[in-house]
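Sequence first, predicted coordinates after that:
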Amino acid sequence: QQPVQSPQAVILREGEDAVINCSSSKALYSVHWYRQKHGEAPVFLMILLKGGEQKGHDKISASFNEKKQQSSLYLTASQLSYSGTYFCGTINNAGNMLTFGGGTRLMVKP
Amino acid sequence: KAGVTQTPRYLIKTRGQQVTLSCSPISGHRSVSWYQQTPGQGLQFLFEYFSETQRNKGNFPGRFSGRQFSNSRSEMNVSTLELGDSALYLCASSLRQLTDTGELFFGEGSRLTVL
């Protein structure tokens, strides 16, 4: 079953922060985050394993709440280059496939 | 190092025809997975191949099939094309199997239009 992402779209000004959420109805083993710019291939951001670990990548970080089967992606002091569609992908404890959410469109304006 | 290469990049077919798409993974990567991307359904997992064996399969009809060769290159085939098969087909390679939390490297995709 597909994880649910929220919000579906967000518009920011440069320098503002944003949070993208990813929720699953199934117990998760791992959460993956990717960003896709228009007309380009998705690019890996980070993977979080169950255990509530928080990871960071420049000014983009993420957390994984195993009990709630939820992950959040935090974009701090957004830059124009952050614009794109963000996808979370989940692997559940049965571990048989990677299922992506519907995506969150992020637009950062000057 | 060369990235994931998909061919052809664009193709147009008519209903009932079949199509074969090719994916060359990054050198040394043994896992290749395929995804269908459409505006309405997002990114949907088709299947994964690792060391020439299909490891996992998504919820797609049997018209969608694939294979992987000994050099890790992969092909996917869609037979009896339907209008709803129009999509961007993305291939991704990884050092490890998906379930081993491998980071995916995506190709730019093959855009299929079915008329």
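Thanks, I have it.

Look up how far chain B lies from residue A:23.
From residue A:23 across to chain B, the span is 15 Å (Cβ to the nearest Cβ, to the nearest Å). Bear in mind the C-beta positions are built from the backbone N, C-alpha and C, glycine included.

nope, residue A:46 is what I meant
9 Å.

Quick check, pLDDT for that residue.
The model reports residue A:46 with a pLDDT of 89.

On the strand side of things, show who it bridges to.
Beta-bridge pairing for residue A:46 (DSSP bridges): residue A:33.

My guess is it contacts residue A:33. True?
Yes. In this structure, residue A:46 is within contact of residue A:33 by Cβ atoms under 8 Å, at 5.4 Å.

Those two: which is more packed in?
Shown here are residue A:46 and residue A:33; by other Cβ atoms under 10 Å in any protein chain shown, residue A:33 has more neighbours (25 against 19).

Give me the pLDDT for the more buried one.
On pLDDT, residue A:33 comes in at 94.

Could you list the single helix or strand in chain A with the lowest mean pLDDT?
None of the helices or strands of chain A scores lower by mean pLDDT, DSSP states H and E than strand A:55-57, at a mean of 67.

Can you mark which positions in the helix or strand just after that strand are buried?
Where DSSP states H and E defines the elements, the next helix or strand beyond strand A:55-57 is strand A:60-65. Using 16 or more other Cβ atoms under 10 Å in any protein chain shown as the test for burial, strand A:60-65 gives A:60, A:61, A:62, A:63, A:64.

touching chain B at all, strand A:60-65?
No. Using Cβ under 8 Å from any Cβ of the partner chain, strand A:60-65 never reaches chain B; the gap is at least 12.1 Å.

mind checking how far stretch B:81-99 is from the chain centre?
3 Å (Cα atoms, centre = their mean, to the nearest Å).

contacting residues for residue A:24?
A:1, A:3, A:4, A:69, A:70, A:90, A:92 (Cβ atoms under 8 Å, 6 or more residues apart in numbering or on different chains).

Quick one: name the residues of chain A near chain B.
Applying Cβ under 8 Å from any Cβ, we find that chain A lies next to chain B at A:2, A:29-30, A:32, A:34, A:40-44, A:47, A:49, A:87, A:89, A:91, A:95-103.
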